[in-house]
Structures are given as C-alpha cells and as structure tokens.
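Asker: Sequence and predicted structure, then a few things I'm wondering about:
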Amino acid sequence: MTVQDTSSVNRNAETAPSPEEVEAGVHRIADRARAASRRMARANRAWKDLALEQIAQDVVARRDAVLAANAQDVQRGRENGTSEALLDRLTLTPERIDGLAAALRNLAGLPDPVGSVARGQTLPNGLRMRQVHVPLGVVGAIYEARPNVTLDIAGLALKSGNAVILRGGSAAAATNTVLVNLIRDALDTVGLPSDAVQTIDQYGRPGANFLMKARGRVDVLIPRGGRDLIQNVVTNAAVPVIETGEGNVHIYLDESAPEEMAVEILLNAKTQRPSVCNTVETLLVHSRSAAAREVLAVLADAGVRLHADERIRGILPEGTPVQDATEDDWGREYMDLDLAVAMVDTMDEALEHIRTYSTGHTEAIITNDLANAERFIAEIDSAAVIVNASTRFTDGGELGLGAEVGISTQKMHARGPMGLKELTTTKWIIQGDGQVRA
C-alpha cells in the first residue's frame with residue numbers, strides 16, 4: 001500500500017509538532033507534489049483514464065472501510081453539535097459512493113484538455129505559433145466537511161495532469177485518510193506517482209496556514225466551504241487563489257410565471273438538497289404574480305421555514321408558519337430549509353435587490369415573458385444565470401463537466417463550475433526555421 005503518514009492528526013497539544021516542523025513538513029509534501037506534477041504533465045490520456053477507472057473500482061471495492069471511517073466522522077460531528085446541514089454534507093452512503101465512482105468514470109470519458117490548442121497561426125515571417133492548454137502544476141485545495149470533494153478534486157486534478165495537495169479539515173479526517181490512501185494505492189497500481197495526491201490534514205490548521213504561504217511551491221489554491229473559510233484563504237494566502245464563493249442564490253418570480261412551473265422549480269431549488277451552495281436562499285415575488293400564494297403554501301407544507309417581509313406575510317394562507325424577515329436574512333446562506341421572501345413591484349426592484357445582496361453565484365428567473373428573461377440575462381452579473389429551471393443545475397456534473405472543483409464567483413481565469421479546462425493554463429509554443437527579429 002502507498003500510504004501517506006497522517007499519524008499526527010490525533011496528536012494532542014503536548015506532542016504536536018512545532019511551527020518549524022509543520023512548515024518543513026508542508027514544504028516536503030509540496031516538493032514531492034512538484035516532482036509528481038512533472039510526471040503527470042507527461043502522462044497521456046489513456047494512462048490518466050486508467051487511473052480514474054482504478055480509483056472508481058477501488059472506492060466501490062473498499063466501500064465498507066470508507067463507510068466505517070465516515071460513520072466515525074459523523075458520530076464525532078453529532079457529539080460536537082455540528083448542524084444537520086453540515087452533517088448531510090459530511091455523510092457518505094452506499095448510493096453516494098456509487099455516485100462518486102460513476103462521476104470518476106464519467107470523468108475518464110471526457111476529452112483531455114491538456115494539449116488542446118486554444119488558437120494558432122503561421123505568421124508572415126514563417127513562424128508557426130500556437131497557444132496550448134497545459135496543467136497548472138501543483139494545486140492546493142482547502143475545504144471542510146466534504147469527503148466527496150476529496151474524490152472530485154483528486155479526479156479532476158489527475159485528469160488535467162496536475163498534482164494536488166488536500167486539506168479536508170478535521171470534521172472528515174477519518175474518511176479523508178481512507179480516501180487519500182485509496183487514491184494513492186490506485187495511482188501506484190497503474191504506475192503513476194502516488195505523490196500526485198497528498199494530504200496535509202495531519203498538520204491541522206497550522207498546516208493549512210503554511211500551505212497558503214507556500215508561494216513558489218504551490219501554483220494555485222482553491223478554497224471550498226463557508227464564508228469564513230473562503231475569506232480566511234483569500235485574505236491570508238500568498239499563493240494565487242481561485243475564489244469559490246458562498247451561494248446566496250436568488251429566484252425572481254415574475255408576474256407572468258406559470259403556477260405549475262413555479263411550484264416545481266421552487267420545490268426542487270429549495271428542498272431537494274438544502275445544504276448545498278446552489279440551493280435557493282431568497283425568493284423575490286412580483287406583487288402581481290398569480291402563482292405566489294400557491295408557491296408559498298406548497299413550500300410551507302414541504303417544511304420550508306419562511307422569513308418574509310410584511311407584504312408577503314399579508315398574502316400567505318391563514319395559519320401558514322412564518323417569521324418576520326430581518327436585514328440579516330437578505331444576506332444569509334442558510335444551507336437549510338429556510339427561505340427569505342420579499343415582494344417587489346417591478347423588475348427594477350428585483351434586480352436592485354439581487355445586486356445588493358448577491359454573492360455572484362447563481363440567480364434565476366421564472367417567467368413567460370421573453371423580454372423580461374432577456375433583460376434578466378443581460379443585467380444579472382453572476383457566474384450562472386438561469387431561466388425557467390432550478391438553481392440546482394449550477395453543478396459541474398449536471399452541466400457535463402464530469403465533476404467540479406468548486407463554483408468560482410470571481411471574474412479571472414475561471415467563473416462558474418470549474419471542471420477540467422479550468423485546472424489548466426496555457427503556454428505559447430513558437431517554432432521556426434532560423435528566423436531572427438529585425
């Protein structure tokens with residue numbers, strides 16, 4: 001077995017390594033990742049796909065070990081008072097493991113982005129130039145309570161020819177230890193460097209801090225989690241960061257929205273899996289919407305806790321449970337069965353509300369008015385804009401990307417679900433026959 005030492009995960013304060021030891025340990029891991037990344041950059045598609053298939057086979061074959069470790073993490077989370085939303089993210093089931101294996105196989109079936117030509121031409125002087133996609137190199141990922149992300153990020157990194165260093169957090173420590181060692185075994189089996197996937201969980205938060213500072217050893221850092229985690233990385237990292245934002249997601253119920261469609265979309269967007277970042281958190285209702293009353297009644301019947309402004313409370317069926325919305329509600333990412341609801345008189349008001357409170361993740365409109373749909377698309381400045389469909393489709397797997405590293409809410413390099421191509425950069429290749437510049 002190709003096992004990475006994670007023995008210091010459970011060390012107590014008396015035996016914890018010194019800051020100097022942690023820094024040296026993180027640097028050793030990063031240096032091994034750099035060496036592995038050079039080998040991964042040369043691996044062809046068939047070789048990388050073989051590794052993905054091997055990981056998929058092994059995660060199913062070792063399902064019992066994964067589930068046993070995950071049960072330890074979930075139990076510890078309950079004892080520590082972890083919210084139900086985070087426990088849902090933390091929990092693996094046989095069905096979710098099958099889904100992760102299927103995602104890896106789907107990833108193997110996607111085209112290899114490495115070597116694809118972005119553009120090229122032959123210049124008048126005979127120079128042949130092309131811009132090609134190449135791996136980023138060493139990718140660091142910091143996330144929390146999401147063992148599925150361990151497989152998603154590792155798979156995407158490997159397929160795109162990168163090495164990855166993972167910091168999965170203490171909440172999923174037992175699960176991630178099993179998964180990382182499983183991945184490393186699979187890489188060793190197919191002859192690829194096991195150091196292409198490593199973890200620094202054994203060094204805890206100090207290790208994450210040193211990973212953020214490892215400029216020159218790590219090429220890019222991707223945080224995935226709640227607001228505090230993301231802002232900590234963005235604020236403190238010396239390594240370039242691709243920012244994945246929280247999801248304060250809005251749906252605007254236009255006055256022309258058909259009732260049946262609105263009910264189906266809102267139920268799916270709020271209740272299918274409320275703990276994830278593409279779940280709707282705020283509903284804006286046009287004051288002349290004929291569908292509003294039924295939509296809100298159905299949501300309440302489904303167990304959604306409405307946080308409503310005064311005008312919305314006035315149209316609710318008698319006896320509907322409701323809380324008064326506060327200013328804090330408009331900026332909340334509940335990640336639970338809670339929904340902030342406000343009434344607007346115009347589309348201008350809806351757009352202004354979204355501009356004020358959006359995190360730039362996903363916004364949707366439900367409408368039968370083509371002009372309103374086109375205006376919404378043009379004026380909403382978020383990574384994903386959806387017309388007449390659930391916000392749950394802002395997902396790498398649902399959009400045919402195989403999986404995703406996260407949803408980028410920034411505007412540089414990558415925006416929206418980050419799949420294979422977003423884990424590459426480009427370089428220029430210029431070939432000549434002795435040309436010199438005049």
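Answerer: Yes, it's here.
Asker: Now the phi/psi pair for residue 436, please.
Answerer: Phi and psi for residue 436, reported as degrees, to the nearest 10, are phi -130, psi 150.
Asker: got a list of what it touches?
Answerer: If a contact means C-beta atoms under 8 Å, 6 or more residues apart in numbering, then residue 436 has no contacts. All C-beta spots, glycine's among them, are computed from the backbone N, C-alpha and C.
Asker: gap between residue 125 and residue 429?
Answerer: 16 Å (C-beta to C-beta, to the nearest Å).
Asker: Check residue 272 too.
Answerer: For residue 272, the distance to residue 429 (C-beta to C-beta) stands at 46 Å.
Asker: what's the answer for residue 55, then?
Answerer: Separation of residue 55 from residue 429 (C-beta to C-beta) stands at 32 Å.
Asker: Name the SS class of residue 165, please.
Answerer: With DSSP: H, G, I helix; E, B strand; the rest coil as the basis, the three-state label of residue 165 is strand.
Asker: Return the residues in contact with it.
Answerer: Taking C-beta under 8 Å, 6+ apart as the test, what residue 165 contacts is 29, 30, 33, 138, 139, 140, 141, 198, 199, 200, 211, 218.
Asker: Can you tell me which helices and strands the longest helix along the chain packs against?
Answerer: Assignment by DSSP state H gives helix 19-42 as the longest helix of the chain. Helices and strands touching helix 19-42, by 3 or more C-beta pairs under 8 Å, 6 or more residues apart in numbering; DSSP states H and E, are strand 128-135, strand 138-143, strand 163-167, strand 197-199, helix 204-212.
Asker: Which stretches in the stretch 151-300 of the chain count as helices?
Answerer: 173-190, 204-212, 227-236, 259-271, 292-301 (DSSP state H, counting those that start in this stretch).
Asker: what number of residues lie near residue 277?
Answerer: Counted with other C-beta atoms under 10 Å, residues neighbouring residue 277 total 25.
Asker: from what I can see it touches residue 360, true?
Answerer: No - taking contacts as C-beta atoms under 8 Å, residue 277 lies outside contact range of residue 360: 11.7 Å.
Asker: just the helices of the stretch 151-300 of the chain: most buried one?
Answerer: For the helices of the stretch 151-300 of the chain, average neighbour numbers computed from mean count of other C-beta atoms under 10 Å are highest in helix 173-190, which has a mean of 23.
Asker: helices or strands up against that one?
Answerer: Counting by 3+ C-beta pairs under 8 Å, 6+ apart, helix 173-190 packs on helix 45-61, helix 63-79, helix 147-159, strand 197-199.
Asker: returning to what we had before: which of the residues in the longest helix of the chain are buried?
Answerer: For helix 19-42, a neighbour-count test (16 or more other C-beta atoms under 10 Å) marks 22-23, 25-26, 29-30, 32-34, 36-37, 40-41 as buried.
Asker: Determine which two of the residues you listed are furthest apart.
Answerer: Greatest spatial distance in the buried residues of helix 19-42: 22 and 41, 28.5 Å, computed using C-beta to C-beta.
Asker: just to revisit the earlier point, I'd like the contacts of residue 165 laid out as CSV, including pLDDT.
Answerer: Below are the contacts of residue 165 laid out as CSV (pLDDT from 0 to 100):
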residue, pLDDT
29, 98
30, 98
33, 98
138, 98
139, 98
140, 97
141, 96
198, 98
199, 98
200, 97
211, 98
218, 98
